[in-house]
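A.B. asks: The following block contains a protein sequence and its predicted model.
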Amino acid sequence: MEETIKLPSNIISNIASSILPNKKVENTVIDNVEEYKKIVICIHKDIEKEYIDLLSEYGKVLFFEEQYQNIEPNVLSFDYLVIDLRKEVDRNYYKLSLYKNNNYYFVLYRYWFEGNNGIYYNNEITEFVSRQSSKKNYDKLLLLQNVYEPKWYVSLFRMCCDIG
């Protein structure tokens, strides 16, 4: 005779929460994109050349380099500043000069399986936005949360585990 082990619902809920995409938005949602604010793109992976070229069509792209570490961001000339969070110098600059700086918008470019490591961004992307008719439209789409195709199996699992 087989015995069934019944797990408490909070354990099932915790397991489901750790493996399913989070339903709650953690990042700062933007209602109105202010055109005067520049965009800081924090990267966890290399940006493909085609995306760099596309960004360059809409403004000046500046990759952070070690010689900029003692220069305030408002002195740097850029529309899109790329900070490589895999490098210690870049992380330190981000912490000292950019973290919680409301003068900029922040986008995290990461792999699909990565998280934001507890840092809040205006948006997180795994792919860049396609070409748009204007810089304004491009920036809006870059900063807006993605709308994903519904996945029936995620909804079914949430329903079965009663996750909010």
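C.D. replies: Noted; the coordinates are in hand.
A.B. asks: Could I get the pLDDT score of the residue nearest to the spatial centre of the chain?
C.D. replies: Centroid-nearest residue in the chain, with Cα atoms, centre = their mean: residue 124, separated by 1.8 Å. Residue 124 carries a pLDDT score of 91 in this model.
A.B. asks: Contacts only, for the closest residue to it other than its chain neighbours.
C.D. replies: Residue nearest to residue 124 in three dimensions, not counting chain neighbours: residue 108, with 4.4 Å by Cβ to Cβ, 6 or more residues apart in numbering. Heads up, the C-betas are built off the backbone N, CA and C, glycines and all. Shown in contact with residue 108 (Cβ atoms under 8 Å, 6 or more residues apart in numbering): 41, 42, 43, 44, 116, 119, 121, 123, 124, 125.
A.B. asks: The same query, at a cut-off of 10 Å, please.
C.D. replies: For residue 108, the contact set (Cβ atoms under 10 Å, 6 or more residues apart in numbering) comprises 27, 40-44, 83, 85, 114-117, 119-126.
A.B. asks: In three-state terms, label residue 132 for me.
C.D. replies: coil (DSSP: H, G, I helix; E, B strand; the rest coil).
A.B. asks: Then the one 4 residues further on?
C.D. replies: Three states are possible here, and by three-state DSSP the one that applies to residue 136 is helix.
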